[in-house]
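>>> I'll drop the sequence and a predicted model, then ask my questions.
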Amino acid sequence: MKRVLILCASIMIVFLIIGTPISTIADESNSNQDSEIDISLNPSDVLFNVDNIKPGDWAPRTITVKNDGKMDFNYSMTVSNEGTDKLFNELVLEINDSTNELYSGKLADFDQLDVRELAASNEEELDITVKFPEHLGNEYQGLEVHFRFIFTAEGTEEADTDEEDEESVGSNVGTDGDSGGIGSVLPDTASGMFNFLLIGSILLASGIVLGGVHILKRKNIDERTV
């Protein structure tokens with residue numbers, strides 16, 4: 001009986017570790033299904049978090065735009081500078097979908113992404129790259145900028161609704177104190193951290209199960225030797 005209880009407890013712990021994030025996502029999805037217009041982003045908090053960009057470097061990122069509502073919607077994208085202008089005015093922004101270039105120019109000159117339509121329950125990816133021009137000099141060392149991409153969704157002409165929804169994702173870009181070196185691509189450390197945590201959770205859950213199995217085997221050996 002004790003062996004069964006130990007095994008059941010191990011299995012329950014595994015499901016608690018892995019299942020909690022899944023249930024949270026499911027609850028959020030269910031709550032969103034009640035909205036006619038509902039836009040969501042992935043990542044939802046920070047898109048760029050770069051603190052060592054150098055002249056010639058570029059940082060590519062991908063954001064997923066999702067229609068979690070009941071109706072098709074049109075969405076647009078703007079950018080808001082939340083810091084100083086000096087570095088913001090010099091960074092280069094590129095935006096692409098799966099087939100076309102949507103924007104290429106200075107971040108400060110980006111006004112608004114052309115309105116895009118997204119059907120209910122669908123999603124699309126936008127590839128967004130920030131570049132630090134290689135001709136910029138020492139006066140840009142040690143600077144940082146904070147800006148936010150804002151996505152606004154509203155019903156299409158065919159949708160009989162005045163409902164709107166808005167989501168935004170922050171970005172932080174800082175320059176390296178050393179202006180030397182050549183341009184290079186800067187990785188997405190946020191995604192790497194998420195993968196690290198996920199792998200850690202899986203390894204922890206596996207360790208708990210293996211520990212439970214080991215205890216059961218030791219129990220069987222002890223009973224046979226008695």
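Perfect, thanks for sending it.

>>> okay, now the domains of this protein?
According to the domain assignment given by automatic domain parsing, the chain is divided into the following structural domains: 1-32+188-226, 33-187.

>>> buried ones in the helix or strand that residue 117 is a member of?
Using DSSP states H and E, the element containing residue 117 is strand 116-118. Within strand 116-118, the residues that qualify as buried are 116, 118, counting by 16 or more other Cβ atoms under 10 Å. No exception for glycine: its C-beta is placed from N, CA and C like everyone else's.

>>> which of the domains of the chain comes out lowest on mean pLDDT?
Ranked by mean pLDDT, the domains of the chain end with domain 1-32+188-226 in last place, scoring a mean of 59.

>>> assign the nearest residue to residue 89 once chain neighbours are set aside to helix, strand or coil.
In space, not counting the residues next to it along the chain, residue 89 is nearest to residue 108; the distance is 4.5 Å by Cβ to Cβ, 6 or more residues apart in numbering. For residue 108, the secondary structure call by DSSP: H, G, I helix; E, B strand; the rest coil comes out as helix.

>>> same check on residue 86?
Here residue 86 is recorded as helix under three-state DSSP.

>>> contacting residues for it?
Residue 86 makes contact with 140, 143, according to Cβ atoms under 8 Å, 6 or more residues apart in numbering.

>>> where's it relative to residue 70, distance?
Between residue 86 and residue 70 the computed distance is 45 Å (Cβ to Cβ, to the nearest Å).
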